[in-house]
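Trainee: Please work out how this folds:
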Amino acid sequence: MSSVILQVKVKPHSRRSSFLQQPDGSWVAQLKALPVDGKANEELVALVARHFGCRKAAVVIRAGASGRTKLVKVEAGT
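Mentor: Numbers count the residues shown, from 1 in each chain. Prediction:
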């Protein structure tokens, strides 16, 4: 089973949710949720899982859980 690590810049409290790759290879996630009680992180995990067509359990925030820039690990084949 392989995995990929994504560098994601998070913009909480946006009008709509989106998950887009930038030309430099990093990702930008616009989230409707506020960064309160882990709601933005939950929305990020769901958004990444939906984008890659995997289960939410296959997506883990490896670093930056309380910051705007996060490292997100996605397990392939789950």
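Trainee: burial count for the residue nearest to residue 72 when sequence neighbours are not counted?
Mentor: Spatially, and ignoring its direct neighbours in sequence, residue 72 is nearest to residue 6 (4.7 Å; C-beta to C-beta, 6 or more residues apart in numbering). Backbone N, C-alpha and C define where each C-beta goes, glycine included. For residue 6, the neighbour count with other C-beta atoms under 10 Å is 20.
Trainee: Could you do residue 56 as well?
Mentor: 13.
Trainee: Would you mind listing the buried residues in stretch 45-59?
Mentor: Of the residues in stretch 45-59, 45, 47-49, 51-52, 54, 58-59 count as buried by neighbour count, 16 or more other C-beta atoms under 10 Å.
Trainee: need the longest strand for this structure.
Mentor: Looking across the chain with DSSP state E, the single longest strand is strand 3-11.
Trainee: Can you give the strand pairings for that strand, parallel or anti for each?
Mentor: Paired strands of strand 3-11, with direction, are strand 27-30 (parallel), strand 69-75 (antiparallel) (DSSP bridges).
Trainee: quick one: contacts for residue 73?
Mentor: Residue 73 makes contact with 3-6, 59-62, according to C-beta atoms under 8 Å, 6 or more residues apart in numbering.
Trainee: how about 10 Å then?
Mentor: 3-6, 48, 58-63 (C-beta atoms under 10 Å, 6 or more residues apart in numbering).
Trainee: Tabulate these in TSV, adding columns for pLDDT and distance to residue 14.
Mentor: Formatted as TSV, the contacts of residue 73 follow (pLDDT from 0 to 100; distance: C-beta to C-beta, whole Å):
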residue	pLDDT	distance to residue 14
3	90	27
4	92	24
5	93	24
6	93	18
48	95	16
58	95	24
59	95	19
60	96	23
61	95	18
62	95	23
63	94	22
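Trainee: Need the max-distance pair from those.
Mentor: Greatest spatial distance in the contacts of residue 73: 58 and 63, 17.3 Å, computed using C-beta to C-beta.
Trainee: Tell me how far residue 43 lies from residue 58.
Mentor: 16 Å (C-beta to C-beta, to the nearest Å).
Trainee: Nothing else from me, thank you.
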